[in-house]
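Q: the following block contains a protein sequence and its predicted model.
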Amino acid sequence: MITIIATVLASTLRAATPLLLVALGGTFSERSGVVNIALEGIMLVGAWFAVYGSFLTGSPLIGLLMAAMAGALIASLHAVASVKFHADQTVSGTAINLLASGFTEFFMVKVWGGQSPSVKAFGSFLGLNWFIYIAFALTIVSWYVLFYTPWGLRLRAVGEHPRAAETVGVSVSKMRYWGVLLSGLLAGIGGASLSIGLVSGFSSGMTAGRGFIGIAAMIFGKWNPLGAMAACLLFGLANALGTVLQIQGINVPYEFLVMAPYVVTMLALAGVVGRSTAPAASGVPYDKSH
C-alpha cells in the first residue's frame, strides 16, 4: 500500500508540473488584462527548443534557457498584437497555436529528418525530477510577487482598472507587455519540463492539450498561483490514478484512463466558472486616447 501511495504521489507531481508552469504564466498574463490562449502553442515551441538546445550543446540547462527565451519571444508576438494593435486576443492566440504546430513539425523534419534524437535530460533529486522543484518554487515566488510587491500591485491594477492605474502614473502597456512575456517564459519552461524532464526528446503534438488544461487550472484556481497549484495537483492526481490502474492491471479500458484528466478538467470548470470572476479588464484592449 505504501508503495502504491508513493507511486501515485510521484506520478501526480510529475503530471502536475508542466500544467503548473503554464498556469503560473497564464496568471501573470490575465492579471495584467491579456487573455493568452497561445500558451498551448508556446509550450510546444518551448518543448522543441529545449531538445534542440540540449542536442546542440549536450547541456539540458542550455536547453531550458533556450526554451524560456523561445517562449518569451513567441509571447511577444501576442503581446504586440494585443497591446499595441488591440487585436482580438482569442484570434491572436489561436493563430500562434497554429503557427507553433506548423513550426515544430517543419523544423523537426528539417533538422532531424522527422524524428527527434534522444538528448540529455534533467536529472532528479530524491527520486523527483528537478523541474518539480522548480515549478513549486516558482509558485511561491509568483504568489509573493503578485500579492506582496509594488510591481505585483501595479500588474493587478492594470488588469482590474487600467484607466485608474494610468492616472497614478502606471504604464498600462508596459505592465501588460511584462505580463504576457512572463507567461511565455513560464510556458516555455513548461514545455521543457515535458521534453527534457519527463522524457528526453520531442514528438509531434507532445503537449497534448496540457497548455489548455493549465489555463483551466488558472481559472479553477481563481487567478491565484496557490489556487492554480491546488488545481494542477487535482488534475495531476486524475492522470496518476489512470497510470497506476494500468500498472496494477485493473481492467479499465485504456481510452477511459487517457480521458480522465480532461474529464476532471471539464467537471471542475463546470462547477467553478460561474463562481469565479476574472480580472475586470481581462481581454479588454486599453486605449488611453478614449
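A: Here it is on my side, so go on. Residues are numbered from 1 along each chain as shown.

Q: end to end, how far does stretch 107-126 reach?
A: 36 Å (CA to CA, to the nearest Å).

Q: and for that stretch, what's in contact with it?
A: Outside stretch 107-126, the residues that touch it by CB atoms under 8 Å, 6 or more residues apart in numbering are 48, 51-52, 54-55, 58-60, 63-64, 129-131, 133, 196-197, 199-204. Just so you know, the C-beta spots here come from the backbone N, C-alpha and C atoms, and that holds for glycine as well.

Q: go again using 6 Å as the cut-off
A: 51, 54, 55, 58, 60, 129, 130, 196, 197, 200, 201, 202 (CB atoms under 6 Å, 6 or more residues apart in numbering).

Q: mark which of those are buried, thanks.
A: Buried members of the contacts of stretch 107-126, counted by 16 or more other CB atoms under 10 Å: 51, 54, 55, 60, 129, 130, 196, 197, 200, 201, 202.

Q: what's residue 264 in contact with, if anything?
A: 235, 238.

Q: what's the pLDDT at it?
A: Per-residue pLDDT puts residue 264 at 71.

Q: ok, residue 106 next?
A: In this model, residue 106 is scored at 94, pLDDT.

Q: give me the number of residues near it?
A: Neighbourhood size, residue 106 [other CB atoms under 10 Å]: 10.

Q: SS state for the residue lying closest to residue 121 once chain neighbours are set aside?
A: Counting by CB to CB, 6 or more residues apart in numbering, residue 121 lies nearest to residue 200, which is 4.0 Å off, once chain neighbours are set aside. Assigned with DSSP: H, G, I helix; E, B strand; the rest coil, residue 200 falls in the coil class.

Q: any idea how far residue 179 is from residue 200?
A: Using CB to CB, to the nearest Å, residue 200 is found at 32 Å from residue 179.

Q: one more: residue 202?
A: Where residue 179 is concerned, residue 202 sits at a distance of 28 Å (CB to CB).

Q: ok, now how distant is the residue nearest to residue 121 from residue 122?
A: Going from residue 200 to residue 122 by CB to CB gives 9 Å.

Q: how about residue 240?
A: 20 Å.

Q: ditto for residue 6
A: Where residue 122 is concerned, residue 6 sits at a distance of 21 Å (CB to CB).
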